[in-house]
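[1] no sequence for this one, just the structure:
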């Protein structure tokens, strides 16, 4: 990190200095950014990867490390926003992809690994009797909602045309509710409920119950600051949806990694449908939706009134091979338990440092997922997250990069299985250095 004696006079000055040092240190990334702006709007094709003054360009990855085009090395604690759970060069994944490449790709037909991967998913996820694959978690959520709507209609719930979502929820680029909504969202009628508010959500379910065909929620909101769902809240939603015949959909695209059978297994709250993605495809492009037999059989092409679900790469040979190897051989139930226990220990150490130094900084989350917040308020609601000092979080981002820690701009962390004790210690030490050096700027 830069010389702290020069930049701690006030938060605004410290942040300006950090940005300046970042720009000076990463001139090749700046050049790549300027080149990309010639062919892409803002030089970007994935909004979440943009940051000011410009994003870094990665040259390569190996194990749990990344190197940028300017030659800087980083310990990757971002884990590709949960998709990179295997690190960047796991030998089992690499061997599976090599074997698949040896047999060609783009078959236009079934392959041997898709049924194997489907069985692995159905065996581990309590809510899933049958599953279908997509190319992303976004597609999984789109198809789950489509299926739930038809299921309601065919079961006589003709007035059910709306879906309940939650403030802060993120279910893909066309189902974005972190700020309440988005101009590019799918054109459903939405009832946006307050996450973790038992009585407020119960009242909305009572008011709109006849109009709702589905309730879509994450058992821990990932993109909205790793906000865990209170057990009483999740149980209430399950009870109310079951009583009203509303399909409850858990978006476990991120959170399925948090125990062998996802957060639904850990909490004991079992939805009607579940959407998946990220790491289950072995780090390749992947998504899925699955659930109860009576809902998923709507997509059975042997039935005369089945719903179409197309997608050239739904069962692509590379993803199916990587997923079957990764989910079946690498991220086993034992590995899931080990990674998430390690994450709990790391988050506890980080919060102990913040408490010891009496700063307005903390980490929320479950297991191997966590997010930094520049506030002292316990993280239970969207209002708590909103109190976080965004300048302090941005300063944290720049200081972590300067310390060789690859992290999301929003302070998000998703550990990968290649991170050992030495890397964990280095991450904790970098956070401690930040907290101690910036203490005057992180006033409680």
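    The structure has been received and is ready for your questions. Remember, predicted model here, so these are calculated numbers, not experimental data. Residues are numbered from 1 along each chain as shown.
[2] in this structure, which helix has the most residues?
    If each helix of the chain is counted by residues according to DSSP state H, the longest one is helix 333-356.
[3] what's it in contact with?
    Contacts made with helix 333-356 from outside it, assessed by C-beta atoms under 8 Å, 6 or more residues apart in numbering, are listed as 85, 124, 257-260, 361-363, 365-370, 415, 417, 419, 424, 427-428, 431-432, 435. Bear in mind the C-beta positions are built from the backbone N, C-alpha and C, glycine included.
[4] So what's the gap between that helix and the chain middle?
    Taking the mean of its C-alpha atoms, helix 333-356 sits 18 Å from the chain's own mean (C-alpha atoms, centre = their mean, to the nearest Å).
[5] tell me the phi and psi of the residue nearest to residue 153 when sequence neighbours are not counted?
    The shortest distance from residue 153 to any residue that is not its chain neighbour, by C-beta to C-beta, 6 or more residues apart in numbering, is 7.1 Å, and that residue is residue 160. As for residue 160, its main-chain torsions (degrees, to the nearest 10) stand at phi -80, psi 90.
[6] Distance check, residue 160 against residue 83.
    Separation of residue 160 from residue 83 (C-beta to C-beta, to the nearest Å) stands at 33 Å.
[7] how about the residue sitting nearest the centre point of the chain, what does it touch?
    Central residue of the chain (C-alpha atoms, centre = their mean): residue 254, 3.9 Å from the mean position. Taking C-beta under 8 Å, 6+ apart as the definition of contact, the neighbours of residue 254 are 81-82, 218, 220, 222-223, 278, 369, 414.
[8] cutoff 7 Å now
    Residues near residue 254 by C-beta atoms under 7 Å, 6 or more residues apart in numbering: 82, 222, 278, 369.
[9] Would you mind giving the residues you listed as TSV with secondary structure and distance to residue 140 added?
    Compiled in TSV, the contacts of residue 254 are given as follows (DSSP: H, G, I helix; E, B strand; the rest coil; distance: C-beta to C-beta, whole Å):
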residue	secondary structure	distance to residue 140
82	helix	14
222	coil	14
278	helix	10
369	strand	19
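[10] okay, residue 325: pLDDT?
    If you check residue 325, the pLDDT there is 98.
[11] Check the burial of it by counting its neighbours.
    Residue 325 has 25 neighbours, counted by other C-beta atoms under 10 Å.
[12] try residue 181
    Burial of residue 181 is recorded as 14 neighbouring residues (other C-beta under 10 Å).
[13] State the distance from it to residue 64.
    Here the criterion is C-beta to C-beta. By it, residue 181 lies 36 Å from residue 64.
[14] Check residue 108 too.
    Going from residue 108 to residue 64 by C-beta to C-beta gives 37 Å.
[15] quick one: which of the two has more around it?
    For residue 108 versus residue 64, neighbours defined as other C-beta under 10 Å are more numerous around residue 64 (24 against 5).
[16] if you skip the residues just before and after it, what's nearest to residue 389?
    residue 374 (4.0 Å).
[17] was I right about the one you found contacting residue 393?
    Yes: between residue 374 and residue 393 there is a contact under C-beta atoms under 7 Å: 5.2 Å.
[18] more neighbours, the two?
    Neighbour count, other C-beta under 10 Å: between residue 374 and residue 393, residue 374 has more, with 22 against 18.
[19] which residues of the stretch 201-350 of the chain fall in strands?
    Using DSSP state E, counting those that start in this stretch, the strands of the stretch 201-350 of the chain run over 212-217, 220-221, 227-228, 247-251, 273-277, 287-291.
[20] Switch those strands over to TSV; also include mean pLDDT and distance to residue 76.
    What follows is the strands of the stretch 201-350 of the chain, written out as TSV (pLDDT from 0 to 100; distance: least, C-beta to C-beta, whole Å):
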stretch	mean pLDDT	distance to residue 76
strand 212-217	98	29
strand 220-221	98	21
strand 227-228	98	23
strand 247-251	99	24
strand 273-277	98	19
strand 287-291	98	23
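[21] closest one to residue 331 among these?
    For those, distance to residue 331 was read as C-beta to C-beta. The smallest value, 12.6 Å, belongs to strand 273-277.
[22] Against which helices or strands is the closest one packed?
    Secondary-structure packing of strand 273-277 (3 or more C-beta pairs under 7 Å, 6 or more residues apart in numbering; DSSP states H and E): helix 137-154, strand 247-251, strand 287-291.
[23] Reformat the ones you listed as JSON lines; add distance to residue 212 and mean neighbour count.
    Below are those laid out as JSON lines (distance: least, C-beta to C-beta, whole Å; neighbours: other C-beta atoms under 10 Å):
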{"stretch": "helix 137-154", "distance to residue 212": "8", "mean neighbour count": "22"}
{"stretch": "strand 247-251", "distance to residue 212": "9", "mean neighbour count": "29"}
{"stretch": "strand 287-291", "distance to residue 212": "17", "mean neighbour count": "28"}
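[24] Format the ones you listed as JSON lines; extra columns: distance to residue 98.
    Below are the helices and strands packed on strand 273-277 laid out as JSON lines (distance: least, C-beta to C-beta, whole Å):
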{"stretch": "helix 137-154", "distance to residue 98": "26"}
{"stretch": "strand 247-251", "distance to residue 98": "33"}
{"stretch": "strand 287-291", "distance to residue 98": "24"}
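[25] closest one to residue 324 among these?
    Nearest to residue 324 among the helices and strands packed on strand 273-277 is strand 287-291 (13.1 Å), distances taken as C-beta to C-beta.
[26] Out of the strands of the stretch 201-350 of the chain, which gets nearest to residue 170?
    The closest approach between residue 170 and any of the strands of the stretch 201-350 of the chain, judged by C-beta to C-beta, belongs to strand 220-221 at 7.3 Å.
[27] for that closest one, packing partners?
    Based on contacts counted as 3+ C-beta pairs under 7 Å, 6+ apart, the elements that strand 220-221 packs against are strand 227-228.
[28] Might you list the low-confidence residue ranges for the stretch 1-150 of the chain?
    Residues of the stretch 1-150 of the chain meeting the criterion pLDDT under 70: 1-7.
[29] So which residues of it form strands?
    58-62, 65-68, 73-76, 130-134.
[30] and the second one, which strands flank it?
    In other words, strand 65-68. Using DSSP bridges, strand 65-68 pairs in its sheet with strand 58-62 (antiparallel), strand 73-76 (antiparallel).
[31] What residues sit buried inside the first one?
    So that's strand 58-62. Within strand 58-62, the residues that qualify as buried are 58, 61, counting by 16 or more other C-beta atoms under 10 Å.
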